[in-house]
Structures are given as C-alpha cells and as structure tokens.
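S.K.: The following block contains a protein sequence and its predicted model.
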Amino acid sequence: QVQLEESGGGSVQTGGSLRLACVASGTIFTTNTMGWYRQAPGKQREMGATTNYGGTANYAESVAGRITISRDNNKHAVFLQMNSLGADDTAVYFCDAVVFWTVGARPMDYWGQGTQVTVSA
C-alpha cells in the first residue's frame, strides 16, 4: 500500500507564495509521473503541473510562469513552488503519483487527500 502525504497549504495574500510538498511512502520500487492537481469550489479537478521521472515538467496554461514543479526521486517526493498567487488559485491541491511497487509490476496511480490553499486580498 502507498500513501501520499501533502503539506504546505494554507492562507496567503494576493501576490504571495506557497510551497507544497508531497511525499509517497509505503512499498515503492520507483515512481513515474508525479503531479499536482487542484479543485476549486464548484469546479472540476484540473491539472496544475506534472513531471516525469527525468524531471520534464508540464504546466497548465493558467499557472505557467507562476509555478515550478520539482521532485526528489530518492525521497519519492514532489514539490510545487507557487508565486504571484491570486484568488483564482484558491483550491484544494491534490498530489498524484504513479508508482511501481516492485520490478515488473503494473503502474498504480495514487492520490493524496489534498491540502487547502486560500488566497485572499
């Protein structure tokens, strides 16, 4: 079993910054794609940023240029540095990880429980 634990959410004023962290634990051989998604009130969950094992990142247009995703493969961790935050960034942010629990296993997709980010004027 694999668990994803997110941290770093909270309240910030418009224009501020936050850094989210997510660590995967449990029976893990390696992780593949890891990423951050967000869900604002009344809206569907949307992709914010993803990164593959090699560190190549993919960003949603709505956040490109304001956020940076990074990862530590040795720690099975992924991070999200968010700058110039605005009210539209208010959402629950979820960590996602594709995990191989052993050599030759099928990839399994896991989600964290989410961390709240609130941006206010």
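M.R.: Cool, got the structure.
S.K.: So what sits opposite residue 97 in the bridge?
M.R.: Beta-bridge pairing for residue 97 (DSSP bridges): residue 34, residue 110.
S.K.: farthest residue from the center of the protein?
M.R.: Distance from the C-alpha centroid of the chain peaks at residue 104, with 25.7 Å (C-alpha atoms, centre = their mean).
S.K.: Tell me who's in contact with residue 70.
M.R.: When the contact criterion is C-beta atoms under 8 Å, 6 or more residues apart in numbering, the partners of residue 70 are 51, 55, 78-79, 81. C-beta coordinates here come from the backbone N, C-alpha and C atoms, glycine included.
S.K.: ranges for the strands of this protein?
M.R.: Remark: strands assigned in the chain by DSSP state E are 2-7, 10-13, 18-26, 30-39, 46-51, 57-59, 67-72, 77-82, 91-100, 108-111, 115-120.
S.K.: and the residue nearest to residue 26 when sequence neighbours are not counted, what pLDDT?
M.R.: In this structure, residue 26 finds its nearest non-sequential neighbour in residue 2, 3.9 Å apart by C-beta to C-beta, 6 or more residues apart in numbering. Residue 2 is assigned 96 on the pLDDT scale.
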